[in-house]
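Asks: Based on what follows, work out the 3D shape:
(one chain, ligands or ions: 2)
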Amino acid sequence: MQRVAVDLILKADMAAYEKGAKRIAAGGLVAFPTETVYGLGADAGNGEAVARIFEAKARPRFNPLIVHVTSKRAAARLAELSPTAERLADAFWPGSLTLVLPRKPEAELSDLVTAGLDTVAIRVPAHGIAREFLNTVERPIAAPSANRSGRVSPTTAAHVEADLDGAVDLIIDGGPCPLGVESTIVAVEGETVRLLRPGGATVEDIERVLGYPMEKDAPAEDRPTAPGQLRSHYAPRLPVRLNARSVKGTEALLAFGKPLEGAAATLNLSEEENLTEAAANLFSMMRQLDDKRFSAIAVMAVPANGLGLAINDRLQRAAAPRSEEGAHG
Ligand code: TXA
Ligand code: MG
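Replies: Ligands and ions are numbered 1, 2, ... in the order given. So this is what the prediction gives:
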């Protein structure tokens, strides 16, 4: 059983933000909630602190991190925003869209943050606690999802503790993340916008703002510029069986809508077939069903529109062969 470390988790309030800011200034790691998932934060300009993120996550170094700031103005100190990037920032920030942009040479960013790339991924989170924390820290914060590499992203402080106890200095507890699925990542080069990872901001909404379609060609499996696309990025320990139409008595069922009968255990992403509710439940339910008592997790089909695209993306990664164990973030 997990031991509850009294000092590790603090309820989100001014005292917690200040304690967190001190930890960050000292090169420490602080986990904090965002509207998508919990992030494992470090000062983006402090290479050693950023290295500790990779260590804590056991994440390969070629995997670049998202930098969290409080405004478009703060983003513009780190990266070049083309008029198209400005338009997306104005429409989606604060919120669950991450923009991959050309890095400014003078930007105070550790190279580890960008994994040596000349682009940087930036996002302005909308979550009140994330914003308060960033405002208190007054530094750009590099933060991947606060899970150990290869595990699903954490949507509660308890998930973070279960994965990173001993590797994180402080966890700011803001309750469950409202969205429950990571940000959408797009790369912006001039007017060209390429979808790198589906997520909280829907493709439909982004294209409505752009007025034209994004590029969506999936990068090669091992393409180092977009490691988030590695197929087995999100991997529970149990085998995952997708689009189940029946379920064995030894299997755990992750249902959507009216559940199949006969499973050893069942959790329902959304009885009402509501994709927003399903996204918010996804990682937490996969974690709960990822138990040695079961032979596999059988997942019922989820429609691939709106947030369903991100949900299916995560499910496919969870079901992918595990040949890349240790090579995902
Ligand atoms: O919702 C989210 O995005 C959460 C919260 C904490 O903000 N963060 C998150 O970070 O999901 P992470 O590190 O787990 O995923 C970030 C993805 C990685 O797959 C990484 O490869 C990609 O972003 N990425 C970062 N910088 C990039 C860049 N310059 N070019 C291409 N991909 C990049
Ligand atoms: Mg992650």
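Asks: you'd agree Leu179 is up against Asn281?
Replies: No: the pair Leu179 / Asn281 is not scored as a contact, 11.2 Å apart, by CB atoms under 8 Å. Glycine gets a C-beta too; all of them are placed from N, C-alpha and C.
Asks: What pairs with the one helix or strand Ala31 maps to, parallel or antiparallel?
Replies: Assigned by DSSP states H and E, Ala31 belongs to strand 30-33. Sheet pairing of strand 30-33 (DSSP bridges) gives strand 38-43 (antiparallel), strand 170-173 (parallel).
Asks: Throw the ones you listed into CSV and include mean pLDDT, mean neighbour count and distance to ligand 2, thanks.
Replies: Formatted as CSV, the strands paired with strand 30-33 follow (pLDDT from 0 to 100; neighbours: other CB atoms under 10 Å; distance: least, CB to the ion, whole Å):
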stretch, mean pLDDT, mean neighbour count, distance to ligand 2
strand 38-43, 98, 30, 9
strand 170-173, 98, 24, 16
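Asks: between those, which gets nearest to ligand 1?
Replies: strand 38-43 (3.0 Å; CB to the nearest ligand atom).
Asks: Contacts (any at all) between ligand 1 and that closest one?
Replies: Yes: legend: contact between strand 38-43 and ligand 1 by CB under 6 Å from any ligand atom is shown at Gly39.
Asks: ok, the closest residue to Val124 other than its chain neighbours to Val113 distance?
Replies: Nearest non-adjacent residue to Val124, counting by CB to CB, 6 or more residues apart in numbering: Trp93, 4.0 Å away. Going from Trp93 to Val113 by CB to CB, to the nearest Å gives 19 Å.
Asks: More neighbours: those two, which one.
Replies: Each of Trp93 and Val113 has its neighbours counted (other CB atoms under 10 Å); Val113 has more, 27 against 21.
Asks: which strands and helices sit next to the strand or helix carrying Ile24?
Replies: Here Ile24, judged by DSSP H and E, is contained in helix 14-25. When contacts are defined as 3 or more CB pairs under 8 Å, 6 or more residues apart in numbering; DSSP states H and E, helix 14-25 packs onto strand 9-11, strand 30-33, strand 38-43, helix 128-137, strand 170-173.
Asks: list the contacts for the most centrally placed residue in the chain?
Replies: Closest residue to the average C-alpha location of the chain: Glu182 at 3.7 Å, with CA atoms, centre = their mean. If you count contacts by CB atoms under 8 Å, 6 or more residues apart in numbering, Glu182 has them with 36-37, 96, 145, 153, 197, 199-200, 310.
Asks: filter these by proximity to ligand 1?
Replies: Of the contacts of Glu182, the ones that also sit near ligand 1 (CB under 6 Å from any ligand atom) are 36-37, 145.
Asks: In terms of helix, strand or coil, where does Ala51 fall?
Replies: Here Ala51 takes the helix state, with states given by DSSP: H, G, I helix; E, B strand; the rest coil.
Asks: Please give the three-state secondary structure assignment for the nearest residue to it once chain neighbours are set aside.
Replies: Distances taken as CB to CB, 6+ apart put Leu112 closest to Ala51, at 5.9 Å, once the chain neighbours are dropped. When classified by three-state DSSP, Leu112 comes out as helix.
Asks: wouldn't Leu112 be in contact with Asn46 here?
Replies: No: using CB under 8 Å, Leu112 is not in contact with Asn46, being 9.5 Å away.
Asks: beta partners of the residue in the stretch 51-200 of the chain that ligand 2 sits nearest to?
Replies: With CB to the ion, the shortest gap between the stretch 51-200 of the chain and ligand 2 falls at Ser145, namely 3.4 Å. Counting by DSSP bridges, Ser145 is bridged to Gly39.
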